[in-house]
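> When you get a sec, could you give me coordinates for this:
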Amino acid sequence: QVELVESGGGLVQAGGSLRLSCAASGRTFSVYSMGWFRQAPGKERELAAAITWSGGSTYYADSVKGRFTISRDNAKNTVYLQMVSLKPEDTAVYYCAATKGSLYSRREYDYWGQGTQVTVSS
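You can find the predicted model right below:
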């Protein structure tokens, strides 16, 4: 069992930055690959970024590539999402999730946080 708690969301102007954190409970965090998903009003939840259990491999959606950076600290049971050059279209609820399976399929993620709101004003 893994419990995930996101923090760091908020309201920021376009061009600004935010860093999201996701703290995990449990001693097995380091065996899970982690993803940051986001869901805007009226849209499906999409994978924004993901990182393997070791941190050796990452994935970014085209829409965030070059602006978002995912990282993890297994000693602190925490995964981060650094977001810079934010755009109004980045406005969404951001969720972290854990998987022992594929990084790329939402169905493979077993554990989810409650989400944190990110709002980017123009």
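
> I'd like the distance from the spatially most central residue of the chain to D73, if you could.
Here the mean C-alpha position of the chain is nearest to the C-alpha of W36 (C-alpha atoms, centre = their mean), at a distance of 2.2 Å. Separation of W36 from D73 (C-beta to C-beta, to the nearest Å): 15 Å. All C-beta atoms are positioned from the backbone trio N, CA, C, and that covers glycine.

> can you check Y109 too?
From Y109 to D73 the distance is 20 Å (C-beta to C-beta).

> Who has more neighbours out of those two?
Between Y109 and D73, Y109 has the larger neighbour count (other C-beta atoms under 10 Å), namely 23 against 12.

> Quick check: closest non-adjacent residue to R19.
Sequence neighbours aside, Q82 is the residue nearest to R19 in space, at 5.0 Å (criterion: C-beta to C-beta, 6 or more residues apart in numbering).

> Can you get me a residue count around Y60?
So Y60, with other C-beta under 10 Å, has 17 neighbours.

> scratch that, G8 is what I was asking about
16.

> so where does the residue lying closest to it once chain neighbours are set aside fall, helix or strand?
Counting by C-beta to C-beta, 6+ apart, G8 lies nearest to L20, which is 4.2 Å off, once chain neighbours are set aside. If you go by DSSP states H and E, L20 is part of strand 18-24.
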